[in-house]
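>>> need a 3D model of the following:
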Amino acid sequence: MKTNIAVSISCSTSAHARMAAEALQADASLKDCILAIEIHGAGQPGTLLSRSEIDAANVAVLVGGPVELEGRFASKAVYRTRASEAIQHPGAVLGAALALVEKPATPDAPMTITAQAVEGKHIVAITSCPTGIAHTFMAAEALKKAAAALGHEIHVETQGSVGAKNTLTEEDIAAADAVVIAADTNVDLARFAGKAVYSTGTKAAMHHGKDVIAAALSEAAASQSMGLSLAGNVEKIKAERSASRTGIYKHLMTGVSYMLPVVVAGGLSIALAFAIGGAGAHIQHPAIVNALEKIGGAAFGLFVAILSAYVAYSIADRPGIAPGLIGGILAQSLGAGFLGGIVAGFLAGYIVKFMAEHIHLPANLEGLKPVLILPFIGSIIVGLLMIFVIAPPVGIALTSVTHWLNGMRTSNAIVIGALLGAMMAFDMGGPVNKAAYTFSTALLLSHVNAPMAAVMAAGMTPPLGLALATFLFRNRFDEEEREAGSAAFVLGLAFITEGAIPFASRDPLRVIPSLMIGSAIAGAISMASGVQSLVPHGGVFALLIPGAVTHVATYLIAIAAGACVTAGALFILKRPVVIAEPMTATLATASLASSLSKG
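Numbers count the residues shown, from 1 in each chain. Here you go, the predicted model:
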């Protein structure tokens with residue numbers, strides 16, 4: 001049975017009123033409800049709903065408008081919201097209104113007009129504004145007051161100019177019924193994997209806190225029944241892993257995630273320059289080739305500094321960026337390379353964090369810490385340590401490793417390739433996988449490109465091998481796994497190793513060794529064949545860029561061999577899946593007769 005909703009919309013402009021009406025009407029069919037809408041535009045009352053339309057309604061929605069309008073709906077449960085929420089989140093608005101129908105009002109006890117009819121929920125929130133001073137804390141305070149007024153419990157983390165305060169714990173997030181992000185800046189959502197996240201601005205939280213909380217709870221309720229495809233499940237697993245990272249590993253992976261797009265852009269630019277130059281364009285159009293090489297060189301010149309800066313940022317928040325950036329640039333210029341950049345990032349982060357916790361200033365001078373004191377003193381300390389202590393020995397070590405890798409023989413290359421390949425498949429996106437990947441990516445700066453190719457081939461092999469096995473050896477997998485095989489194939493082509501995780505989690509003792517064997521084969525063949533990759537990501541799609549990967553045919557053979565070995569190992573190690581089928585009437589009768597005769 002459809003639910004009747006009476007909607008009264010009043011906005012300062014008729015355009016916004018019409019947009020709100022259209023958005024709600026478009027979503028009404030999905031919610032299985034019928035809307036009767038009246039619009040008041042630009043302060044002028046339009047055609048009002050009739051008494052019969054109001055009486056037929058199960059609930060009323062008031063979008064903006066003066067409080068006086070509520071009197072016409074005195075006998076109804078009423079949900080009040082703003083035009084912006086109705087336009088941007090019509091489903092959440094209708095969902096919150098429908099929730100009121102479950103607790104209908106009576107003439108003797110009319111329902112109190114609130115932003116949400118659900119009580120006693122646990123909410124977590126993050127507030128952040130560009131300056132990290134006023135609006136950040138005003139929005140946090142407004143959300144606390146709104147939650148208290150509605151009977152909910154809320155824990156608000158503020159990401160201000162001096163870093164995060166009142167930080168949410170894993171226990172807080174796990175227990176949360178809804179997540180509110182009231183921010184005017186980018187907020188990392190990796191911690192909230194599997195949770196419904198409602199995003200809005202600080203102004204909305206400050207002025208309409210109850211509506212924000214109501215919409216967040218409504219979206220959380222609507223998302224609980226949604227299922228996930230293999231690709232969606234993979235994204236969830238990746239986000240959960242990201243959220244579970246702690247300590248040094250978390251900080252290093254934060255730096256790598258920010259560094260990676262710069263390395264990709266630089267590698268592809270240089271590869272494109274090589275492709276054009278190889279076609280003779282360096283003679284006809286030298287300016288284009290030179291420009292592409294300069295672009296790639298600029299990107300490669302930046303990536304150590306970015307790695308260092310965001311390692312420091314992960315540890316000490318925004319005050320750590322300047323010391324980390326300067327330390328990374330010094331590591332690059334002094335020959336310490338990516339190893340020096342990693343050391344500089346951790347130094348900068350922990351030094352700045354220590355100062356932030358132990359330097360106390362009067363309240364009116366506290367704003368100087370994140371913009372003057374911490375960046376300046378941190379940069380001086382990190383810079384001196386890099387120049388006089390860290391860079392000289394690290395530079396010598398990096399040069400030795402680079403010379404050894406460039407001069408190693410085929411036998412050593414096979415061993416290194418197999419080792420890196422097995423590491424990529426061992427935990428598929430976990431710490432061991434990321435260690436091999438980060439090592440190979442960082443070597444691109446020293447023009448050692450073979451390990452990168454081996455790692456990318458080995459990372460594609462697990463999902464590709466599983467996809468092949470689900471096609472060739474269907475009796476080794478259940479129906480759900482067989483259906484996921486095609487999705488795993490696509491993920492493998494895109495170098496998303498995590499596409500193998502759902503399979504491995506069901507039978508780790510048989511699947512993981514099979515994946516490691518196949519990836520080791522792929523990595524060994526790639527290294528032994530001298531395949532080089534100038535880009536750290538992209539999978540087979542990187543092969544479409546001329547010059548991005550050398551010896552393409554041999555590279556494809558390495559990937560195919562690894563996938564075939566993986567599939568073969570799965571056939572040998574995995575047992576056939578037994579699917580119980582319903583007993584037919586004839587068989588049941590025969591079984592019963594046999595039992596009676598024996599009795």
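
>>> okay, now the unreliable bits of the stretch 201-350 of the chain?
When the per-residue scores of the stretch 201-350 of the chain are filtered using pLDDT under 70, the ranges that remain are 219-246, 277-285.

>>> residue ranges of the helices in it, please?
202-207, 209-223, 230-244, 247-278, 281-284, 286-316, 321-333, 337-358 (DSSP state H, counting those that start in this stretch).

>>> would a markdown table of those with distance to residue 412 and mean neighbour count be doable?
For glycine as for every other residue, the C-beta is placed from the backbone atoms N, C-alpha and C. As requested, the helices of the stretch 201-350 of the chain are exported to a markdown table (distance: least, Cβ to Cβ, whole Å; neighbours: other Cβ atoms under 10 Å):
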| stretch | distance to residue 412 | mean neighbour count |
| --- | --- | --- |
| helix 202-207 | 57 | 20 |
| helix 209-223 | 52 | 24 |
| helix 230-244 | 32 | 17 |
| helix 247-278 | 25 | 20 |
| helix 281-284 | 34 | 12 |
| helix 286-316 | 26 | 22 |
| helix 321-333 | 28 | 26 |
| helix 337-358 | 21 | 23 |
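
>>> closest one to residue 376 among these?
Ranking those by proximity to residue 376 (Cβ to Cβ) places helix 321-333 first, at 8.2 Å.

>>> can you give me the angle the closest one makes with helix 286-316?
Interaxial angle, helix 321-333 versus helix 286-316 (axes from the mean of the first three to the mean of the last three Cα atoms, to 10 degrees): 130 degrees.

>>> coming back round to it: could you export the helices of the stretch 201-350 of the chain as CSV, including distance to residue 432?
Below are the helices of the stretch 201-350 of the chain laid out as CSV (distance: least, Cβ to Cβ, whole Å):
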stretch, distance to residue 432
helix 202-207, 41
helix 209-223, 33
helix 230-244, 12
helix 247-278, 11
helix 281-284, 42
helix 286-316, 20
helix 321-333, 25
helix 337-358, 17
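
>>> nearest to residue 62, of the ones you listed?
Nearest to residue 62 among those is helix 209-223 (11.3 Å), distances taken as Cβ to Cβ.

>>> out of the helices of the stretch 201-350 of the chain, which comes closest to residue 435?
Residue 435 lies closest to helix 247-278 among those, at 9.1 Å (Cβ to Cβ).

>>> what's the closest of the helices of the stretch 201-350 of the chain to residue 85?
helix 209-223 (5.8 Å).

>>> which one of the helices of the stretch 201-350 of the chain lies nearest to residue 434?
Nearest of these to residue 434, taken as Cβ to Cβ: helix 247-278 at 6.2 Å.

>>> thinking again about what came up before, which one of the helices of the stretch 201-350 of the chain lies closest to residue 474?
Shortest separation from residue 474 across those is recorded for helix 230-244, at 16.7 Å, computed as Cβ to Cβ.

>>> restricting to C-alpha, output the helix or strand where residue 492 lies in CSV.
Using DSSP states H and E, the secondary-structure element containing residue 492 is helix 479-493. What follows is helix 479-493 as a C-alpha-only set of coordinates in CSV (Å, rounded to 0.1, in the frame of the first residue of the first chain):
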residue,chain,number,x,y,z
GLU,A,479,28.1,-20.8,-7.8
GLU,A,480,28.9,-17.5,-6.2
GLU,A,481,32.7,-17.8,-6.9
ARG,A,482,32.0,-18.9,-10.5
GLU,A,483,29.9,-15.8,-11.1
ALA,A,484,32.6,-13.6,-9.5
GLY,A,485,35.3,-15.0,-11.9
SER,A,486,34.5,-12.5,-14.7
ALA,A,487,34.8,-9.6,-12.3
ALA,A,488,38.1,-10.9,-11.0
PHE,A,489,39.3,-11.1,-14.6
VAL,A,490,38.7,-7.4,-15.1
LEU,A,491,40.2,-6.5,-11.8
GLY,A,492,43.3,-8.5,-12.7
LEU,A,493,43.7,-6.7,-16.0
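
>>> next helix or strand past that helix?
Counting by DSSP H and E, the next helix or strand C-terminal to helix 479-493 is helix 501-506.

>>> quick one: buried residues of that following helix?
Along helix 501-506, the positions that meet the burial threshold by neighbour count (16 or more other Cβ atoms under 10 Å) are 501-504.

>>> what's the answer for stretch 180-200, then?
When neighbours are counted by 16+ other Cβ under 10 Å, the buried residues of stretch 180-200 are found to be 180-184, 187, 189-193, 195-200.

>>> now the end-to-end length of it.
8 Å (Cα to Cα, to the nearest Å).
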